[in-house]
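Asks: just the structure for this:
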Amino acid sequence: MTENEQGIFFVENNTNQSYVQNPFTITESSSFVYGLVVGSQDDFNMMYSLTLTQKVVPEPFRSNSRICVFLIGAKAAADPMILPVSFNGGTNCTWKSVVLKGENFWVE
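Replies: Numbers count the residues shown, from 1 in each chain. All right, here's what the predicted structure looks like:
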């Protein structure tokens, strides 16, 4: 979402410093770990989005998938500003900071 940043890319499992493959799959027993690498010329004047969609067998005339979109920014290192947006009724989009790790995101 930010065009002016120079060296931003996402890291899968903190080992493969390349763009994260999109889409990726998570389950209750298999999470997905990613990190954000900020270059020396970049600052925290940036934002990105994370969309989580529950895969379900679609009904022909309505959407019954639960969808969460998280708009993610930061005021500074370890100071996140996250706006969760839910779609389809009873969807609960949640996030929580984890000390020395980052943030966890989930759909309920």
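Asks: just list the residues touching the residue nearest to M47 when sequence neighbours are not counted, thanks.
Replies: Nearest residue to M47, sequence neighbours excluded (C-beta to C-beta, 6 or more residues apart in numbering): G73, at 4.1 Å. (Each C-beta comes from the backbone N, C-alpha and C, glycine too.) G73 makes contact with 44, 46-48, 80-82, according to C-beta atoms under 8 Å, 6 or more residues apart in numbering.
Asks: if any of those residues are buried, put those into a ChimeraX selection.
Replies: What follows is the ChimeraX syntax for the buried subset of these, where burial is set by 16 or more other C-beta atoms under 10 Å:
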select :46,82
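Asks: from P58, how far out is the residue nearest to M47?
Replies: Taken as C-beta to C-beta, to the nearest Å, the spacing of G73 relative to P58 amounts to 32 Å.
Asks: name the nearest residue to the spatially most central residue of the chain, ignoring sequence neighbours.
Replies: Residue closest to the mean C-alpha point of the chain, counted by C-alpha atoms, centre = their mean, is L50 at 3.1 Å. The shortest distance from L50 to any residue that is not its chain neighbour, by C-beta to C-beta, 6+ apart, is 4.5 Å, and that residue is F70.
Asks: surely that neighbour touches M47?
Replies: No - taking C-beta atoms under 8 Å as the definition, F70 is not a contact partner of M47, at 10.5 Å.
Asks: go through stretch 75-86 and flag the buried ones.
Replies: When neighbours are counted by 16+ other C-beta under 10 Å, the buried residues of stretch 75-86 are found to be 82, 84, 86.
Asks: what about S30, which helix or strand?
Replies: According to DSSP states H and E, S30 maps onto no helix or strand at all.
Asks: repeat for D42
Replies: Applying DSSP H and E, one finds D42 in no helix or strand.
Asks: ok, now which ones touch the residue nearest to L50?
Replies: By C-beta under 8 Å, 6+ apart, the residues touching F70 are 49-52, 82-85, 93, 95, 105.
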